[in-house]
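>>> no sequence for this one, just the structure:
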């Protein structure tokens, strides 16, 4: 762990030489989930615009990292490359502090790689259930006290089940840069986590959808440039500068979008003391709408 943390600090140090200011803070959040250096104002902007998830090591970030690792070791025999990829994901999660969201995403990414190695179909819903149950068995407190784990789990359920159901309502959105997928997934995730956010945090963002649509298409490119900047910076600062400059442009745009929407008067407002009973009732309704056919089939076959 000491060696991993040393590598992490060196990586951030070299990246920060090429990318400065708030942009370097955002890059650290995207790649390593680093939010400790965020100012209170910057953190509030992320919360008010519903974009705080991009600086948490969610399944989205871990999946991108896993795919890059696989491409990096593509020259190795298939199963060896997958084994190295799984080991690299484990090291990456340890290096970033082992947050519950990163562990959950890491387990799911590892299961996907194992399925690829064994030639079996990867069922993302079963992978989510296995990851969740395994983590709860090891540490039951995450179920009651870890808000990040709870939000991550709820959002992933939305992406798996709700997003495909509502995608038909977004056929009018152009499919360039996978914009249609981003819009449907963002809507699904935000709708599904909103009752929980209102109960736990009491914050309602009215600009989350446009802010995410304008930012998410550029996140994979930004992360790729950030990795290149940091790794090349370990070898030569001069070679890292061009990559750092392009990274800065992407990061500056993303922070500009967040700042613009955060400064709109009606961007978000507080709903204090959102009732627990109402939160439960909403999720019971959501579950019924998502699984009504399965529920009816179960009762029909049972009785």
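Everything's here; your move. Computed from a prediction, not measured in an experiment: that's the story for all the values here.
>>> State the distance from the closest residue to residue 266 other than its chain neighbours to residue 255.
Once flanking residues are discounted, residue 266 sits nearest to residue 206: 5.8 Å by CB to CB, 6 or more residues apart in numbering. From N, CA and C alone the C-beta is placed, and that goes for glycine too. Distance, residue 206 to residue 255, by CB to CB, to the nearest Å: 20 Å.
>>> circling back to that earlier point, quick one: contacts for the residue nearest to residue 266?
By CB atoms under 8 Å, 6 or more residues apart in numbering, the residues touching residue 206 are 266-269.
>>> again, only using 7 Å
Residue 206 is in contact with 266-268, counting by CB atoms under 7 Å, 6 or more residues apart in numbering.
>>> same thing with residue 224?
Per CB under 7 Å, 6+ apart, neighbours of residue 224: none.
>>> measure it to residue 88 for me?
Computed as CB to CB, the residue 224 to residue 88 distance reads 16 Å.
>>> Residue 247 too?
For residue 247 relative to residue 88 (CB to CB), the value is 22 Å.
>>> In terms of neighbours, single out the busier of those two.
residue 247 (29 against 17; other CB atoms under 10 Å).
>>> I figured that one was touching residue 226, is that so?
Yes. The pair residue 247 / residue 226 is scored as a contact, 5.6 Å apart, by CB atoms under 7 Å.
>>> which residues do the two both contact?
residue 27.
>>> circling back to that earlier point, pLDDT wise, what is the residue nearest to residue 266 at?
Residue 206 is assigned 89 on the pLDDT scale.
>>> Please state the backbone phi and psi of it?
phi -100, psi 0 (degrees, to the nearest 10).
>>> measure it to residue 144 for me?
Separation of residue 206 from residue 144 (CB to CB): 30 Å.
>>> Also residue 10?
Distance from residue 10 to residue 144, by CB to CB: 37 Å.
>>> Those two - which one has more neighbours?
residue 10 (13 against 9).
>>> Tell me how far stretch 72-80 lies from the chain's centre.
The chain centre lies 26 Å from the centre of stretch 72-80; the measure is CA atoms, centre = their mean, to the nearest Å.
>>> Go through it and flag the buried ones.
For stretch 72-80, the neighbour count (16 or more other CB atoms under 10 Å) marks residue 73 as buried.
>>> Name the residues that touch that stretch?
81, 84-85, 117.
>>> average model confidence for it?
Averaging pLDDT along stretch 72-80 yields 78.
>>> what distance separates the start and the end of it?
12 Å (CA to CA, to the nearest Å).
>>> One more: stretch 12-25?
Per CA to CA, the first residue of stretch 12-25 is 10 Å away from its last.
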